[in-house]
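1. compute the structure for the input listed below.
(chains A and B)
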Amino acid sequence: MKILVAVKRVIDYNVQVRVKEDGTGVVTDNVKMSTNPPDDNAIEEAVKIKESGKAKEIVAVTVGEEKSQETVRKALAVGADRGILVKADGIIEPLAVSKILQKIVEKEKPDLVFMGKQAIDDDCNQTGQMLAALLNWPQATFASKIEVKDKSLEVTREVDEGLEVIEVNTPSIVTCDLRLNEPRYASLPNIMKAKKKPLEQINASDLGVDTKPRIEQIKVEEPPKRKAGIKVASVAELVQKLKNEAKVI
Amino acid sequence: MSVLLIAEHNNKEVKPFTLNAITAASEIDQDLHVIVIGNKAEAVVKSISEIPNVKKVIHIDNEIYENYLPENFTSVITKHAENYSHIVCSANTFGKNLMPRVAALLDTSQVSDIIKVVAPDTFLRPIYAGNAFATVKSTDKKKCITIRPTSFDPAATSGGSAEIVKGDSGESFSSTKFIKREEVKSDRPELGTARIVISGGRGMQSGDNFKLITAIADKLNAAIGASRAAVDAGYITNDHQVGQTGKVVVPDLYIAVGISGAIQHLAGMKESKIIVAINKDGEAPIFSVADYGLEADLFEALPKFLEELNKLNTIQK
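-> Numbers count the residues shown, from 1 in each chain, chains lettered A, B, ... in the order given. Below is the predicted model:
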């Protein structure tokens, strides 16, 4: 079995994001970038499946600017065998990413495609479902448990009501939740080895996909700030304030 | 121009967030139609037809729709989409799972999780866990929009009498099989719509200690929330998680207990009207968004909190 894992380079989850003063976006210069957190879970799951002997090859792919190859290298360092960087500049919307991934899937013919359920930058939560639609494949989104069967997966999904279990035949798309597993860290020797693993570069334009944004970003602004609150000295004071000042209880 | 809203329901009842999505949808355009795809969901169809904002209900009935698999829903929606300028539904796990599959087949770049309708083609949406708000304009002919339900009031549910029409079902998708759903049943108000939410974090130290929270939730008729750390640690089930990748809540009162206040958690609760933080670490970031902060050991503060509540003559429910 072959697993394709899609990863995205985003502002690190620990960074306090700042809006640019001119309202064109958020500050990314000199800001720490990392792999989108649930994409780490996607790689980890693929590596675990390979370690169990149920997968032969893991290919990590990303779509983005030149620097995004760092993110692919990181995937290679934790166990992916090969990498692909599809180069594209500017904002690439999930629809365009899924069309690019469709081309990669047609070329690589994986049995499974894994990715994070949502990117923590644009918070769109679209790419996996869109790719599944374009390929007419089953989709198992928000996965917190995956059991590999003969020609299918049994996937536990986190939904608003609790948990849902579905079975999807391969080939299929799985989008991963943060609770799927505990991503490992890359060891130094593996980081060194990853530098020698193959990383193919393709231009998005060569794939014949139109990546022009369909959504115009008119302005990006700071959300309204909450006004500073107070510290109360005791539980009794808290309850009194909630009752008589805020009038919420 | 007219809007097609995809109803979320369990074949018996309309899910409450559909009502919030209806409010947002009718801000886009008054000519609002609702599609109900289900298995013997007549009761749902009837109740939606009574919503005054709704002009028409399209009912698709087939047993293949029992478990609302998006693989089955999509073809029906894309077929009906021809007649509409906008396809909308709520941005909860139902809508998040379904809408992108529809949008991709319509070759539309979806606008996710809007919190305001600026114009029929322009919307406000949070990005970066709500640390920035983006105003975006869709240039696609047909627009696919998901709506953050807690940013819109629920629509009135009676007084209307929309026309009901039957539509044809689509083909069944054989490669996905529903196995089971483990719903957590509770008599408490739903987390997403509760007037008061009390949440516990890593500071609770165990699942058993959540009973301190439960006791207060009972007293206040509150829903129980949790930080991701508490869910990851197994103190409480995933349906309680509040945050960027969990649920977004906007109650009148949000009480955060033993929660440090990572930005990912704040993303799910910082629009609450009144925020209370109880934490023994006075430097915890949660205090920066709290209207009332109490620096205290939660194991002493919570029993006392209950005691003080018991002293009150009346409590708003």
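2. who's in contact with the helix or strand hosting B:A43?
-> Assignment of secondary structure by DSSP states H and E places B:A43 within helix B:42-49. Residues from elsewhere that reach helix B:42-49, judged by C-beta atoms under 8 Å, 6 or more residues apart in numbering or on different chains: B:7, B:9, B:11-14, B:18, B:34, B:36, B:38, B:54, B:57, B:59, B:61, B:157, B:160-164. C-beta here means a position set from N, CA and C on the backbone, and glycine is covered the same way.
3. what angle separates the helix or strand following that helix from helix B:42-49?
-> On the C-terminal side of helix B:42-49, the closest following helix or strand by DSSP H and E is strand B:56-61. Orientation check (axes from the mean of the first three to the mean of the last three C-alpha atoms, to 10 degrees): strand B:56-61 against helix B:42-49 gives 170 degrees.
4. tilt between whichever helix or strand comes after strand B:56-61 and strand B:56-61?
-> The first helix or strand that comes after strand B:56-61 along the chain, using DSSP H and E, is helix B:70-81. Computed by the same axes, to 10 degrees, the angle separating helix B:70-81 from strand B:56-61 equals 140 degrees.
5. for the record, mean pLDDT for helix B:70-81?
-> Mean per-residue pLDDT for helix B:70-81: 97.
6. just the buried residues of that helix, please?
-> B:70-78, B:80-81 (16 or more other C-beta atoms under 10 Å in any protein chain shown).
7. reformat those residues as a markdown table; add distance to A:S68.
-> Written out in a markdown table, the entries for these read as follows (distance: C-beta to C-beta, whole Å):
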| residue | distance to A:S68 |
| --- | --- |
| B:P70 | 29 |
| B:E71 | 31 |
| B:N72 | 36 |
| B:F73 | 34 |
| B:T74 | 30 |
| B:S75 | 35 |
| B:V76 | 38 |
| B:I77 | 34 |
| B:T78 | 32 |
| B:H80 | 38 |
| B:A81 | 34 |
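8. how near is A:A80 to A:P37?
-> Look at A:A80 and A:P37: by C-beta to C-beta, to the nearest Å, they are 17 Å apart.
9. tell me where the stretch 1-150 of chain B has helices.
-> Counting by DSSP state H, counting those that start in this stretch, the stretch 1-150 of chain B has helices at residues B:16-28, B:42-49, B:70-81, B:93-105.
10. ranking those by burial, who's on top?
-> helix B:93-105 (a mean of 26; mean count of other C-beta atoms under 10 Å in any protein chain shown).
11. which residues are contacting it?
-> So helix B:93-105 is contacted by A:94-95, A:98, A:125-134, A:139, A:141-142, A:157-160, B:6, B:8, B:15, B:21, B:68, B:70-71, B:73-74, B:77-78, B:81, B:87, B:89, B:109-110, B:112, B:144, B:146-147 (C-beta under 8 Å, 6+ apart).
12. among the residues you listed, which are in strands?
-> Counting by DSSP state E, these place A:139, A:141-142, A:157-159, B:6, B:87, B:89, B:112, B:144, B:146-147 in strands.
13. and stretch A:228-244, how far from the chain's centre?
-> On the basis of C-alpha atoms, centre = their mean, to the nearest Å, stretch A:228-244 sits 41 Å off its chain's mean C-alpha point.
14. and the angle from the helix holding B:A43 to helix B:16-28?
-> Helix B:42-49 runs at 40 degrees relative to helix B:16-28, counting by the same axes, to 10 degrees.
15. if I look at the most centrally placed residue in chain A, how far off is chain B?
-> Central residue of chain A (C-alpha atoms, centre = their mean): A:G116, 3.4 Å from the mean position. Noted for A:G116: a distance of 10 Å to chain B, by C-beta to the nearest C-beta, to the nearest Å.
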